[in-house]
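> Here is my input, please return the structure:
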Amino acid sequence: MLVKNTRNYIQYFLTLVMFTFLRCILRCFVVLLLDVLGVLLLSYVNLLYYVCIAVFTLDAGLLARSQYSERPATGHQDLGFFFVSLCL
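Next comes the predicted model:
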């Protein structure tokens with residue numbers, strides 16, 4: 001009877017250790033995944049910021065160039081409102 005109880009306790013202990021180990025690995029995986037997603041999101045936001053700055057700069061240059069009537073027409077369309085709505 002004592003051997004059977006000891007065997008059950010050992011089996012319970014090993015199951016508990018294995019469950020704790022797997023839970024720790026799962027938590028580490030989730031934290032790593034969230035870190036990677038956070039870095040990707042910040043990179044995307046940073047890229048979008050620089051794209052918006054480039055578009056606004058281009059739009060301001062085209063708008064300033066279109067105010068001078070003595071220059072020849074370049075065929076550029078002023079899409080400022082369209083790009084502003086994308087970046088907001």
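
> In three-state terms, how would Asn46 be classified?
For Asn46, the assignment made with DSSP: H, G, I helix; E, B strand; the rest coil gives helix.

> That one and Cys28: what is the separation?
Remark: distance between Asn46 and Cys28 (C-beta to C-beta, to the nearest Å) = 27 Å. C-beta: built from backbone N, CA, C; applies to glycine.

> Equivalent analysis for Ser43, please.
Using C-beta to C-beta, which is the criterion applied here, Ser43 is 23 Å from Cys28.

> With Leu48 instead?
On the measure of C-beta to C-beta, Leu48 and Cys28 end up 31 Å apart.

> Could you report the neighbour count for Leu32?
A count of nearby residues for Leu32, using other C-beta atoms under 10 Å, gives 10.

> Low-confidence regions, the chain specifically.
1-4, 59-88 (pLDDT under 70).

> in it, which spans are helices?
For the chain, applying DSSP state H gives helices covering 2-66, 80-87.

> show me the contacts for Tyr50.
If you count contacts by C-beta atoms under 8 Å, 6 or more residues apart in numbering, Tyr50 has none.

> ok, it to Phe56 distance?
11 Å.

> Check Val31 too.
For Val31, the distance to Phe56 - C-beta to C-beta - is 37 Å.

> Same drill for the two, tell me which one is more crowded.
Phe56 (14 against 10).

> From Tyr49, how far out is that one?
The gap separating Phe56 from Tyr49 is 11 Å, by C-beta to C-beta.

> Who are the contact partners of Tyr49?
Per C-beta under 8 Å, 6+ apart, neighbours of Tyr49: none.
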